[in-house]
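**Q** Provided below for reference: sequence and predicted model.
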Amino acid sequence: MLKVSIIIPAYNEEGTIAQIIERVKAAGLGGLEREIVVVDDASKDRTREILKSLPGIKVILHEKNGGKGAAVKTGFKAASGDILAIQDADLEYDPKDIKEVVRPIAEGRADAALGSRFVREKPRYFFGKPKSPFFTHYIGNLLIIYLTNFLYGYRATDYEGCYKAFSRNVIETISIKADGFEYDNELICKILRRGWRLAEVPITYAPRTYEAGKKIKWLDGMRMIWTIVKWRFLPF
């Protein structure tokens with residue numbers, strides 16, 4: 001039986017961490033074995049205290065905040081699964097989608113899979129609505145999508161959705177330098193350059209506001225763009 005390791009990087013998520021872990025535990029995986037690895041990236045709130053009270057998970061504690069990418073790297077190293085998937089620690093994404101994201105890899109049709117927020121439902125721009133991302137975020141997403149597709153010759157509809165999954169072979173073969181939110185971009189760009197098989201799967205999305213804990217900022221977007229450009233040309 002194949003095992004799926006679900007990596008949850010967390011930083012100051014005391015309001016959602018217990019709930020999202022329960023949802024991950026309850027989500028069906030189509031008969032695949034499950035492992036949950038949570039990496040607390042030096043939270044300053046009660047996140048790690050809550051994690052220590054939750055059974056059935058592997059918890060790793062960073063003593064210094066390193067960024068989302070650094071937490072994902074730690075989780076990947078600690079994971080024992082054949083397939084490695086990323087889950088955010090908030091409630092923007094539905095763990096029920098994990099089964100479909102890992103399916104192309106489990107069935108041998110892909111080496112990595114992307115969850116796309118823009119296939120199942122189109123974005124709306126009404127500020128404050130539960131399922132309406134900020135207009136500026138969507139414009140930034142479009143830029144990342146078009147730039148990546150143009151430079152790497154692919155045709156994905158979304159690169160910034162939380163849900164991504166990888167075969168263990170992919171993760172063990174590619175070294176990633178980034179430690180921030182741009183970690184995902186570097187990994188996907190290198191996967192495309194190496195010619196690994198990449199699948200795209202529709203997922204649902206309910207964005208939260210900065211007041212509710214959203215952390216990504218415009219400077220992170222600039223780092224993503226630079227990461228996409230430089231790894232098109234740098235050797236690795």
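**A** That came in fine, so what should we check first?

**Q** so which residue is smack in the middle of the chain?
**A** Cys162 (3.5 Å; CA atoms, centre = their mean).

**Q** and it, what is it in contact with?
**A** Listed by CB atoms under 8 Å, 6 or more residues apart in numbering, the contact set of Cys162 reads 86-88, 92-93, 115, 203. (C-beta placed from N, C-alpha, C; glycine too.)

**Q** by mean pLDDT, flag the weakest helix or strand of the chain.
**A** Across the helices and strands of the chain, mean confidence by mean pLDDT, DSSP states H and E is lowest for helix 135-152: a mean of 89.

**Q** buried residues in that helix, which are they?
**A** Going by neighbour count (16 or more other CB atoms under 10 Å), the buried part of helix 135-152 is 137-138, 140-141, 144-145, 147-148, 151-152.

**Q** can you tell me what sits against that helix?
**A** Counting by CB under 8 Å, 6+ apart, 123, 125, 127, 133, 154-160, 185, 188-189, 192-193, 207, 218, 221, 224-225, 228-229, 232 sit against helix 135-152.

**Q** ok, stretch 167-182 next?
**A** 66-70, 73, 76, 81-84, 105, 111-112, 183, 185-187, 190-191, 194, 196, 216, 220, 223-224, 226-227, 236.

**Q** do that again at 6 Å, thanks
**A** With contact meaning CB atoms under 6 Å, 6 or more residues apart in numbering, stretch 167-182 is reached by 66-70, 76, 82, 84, 105, 111-112, 183, 186-187, 190, 196, 216, 220, 223-224, 227.
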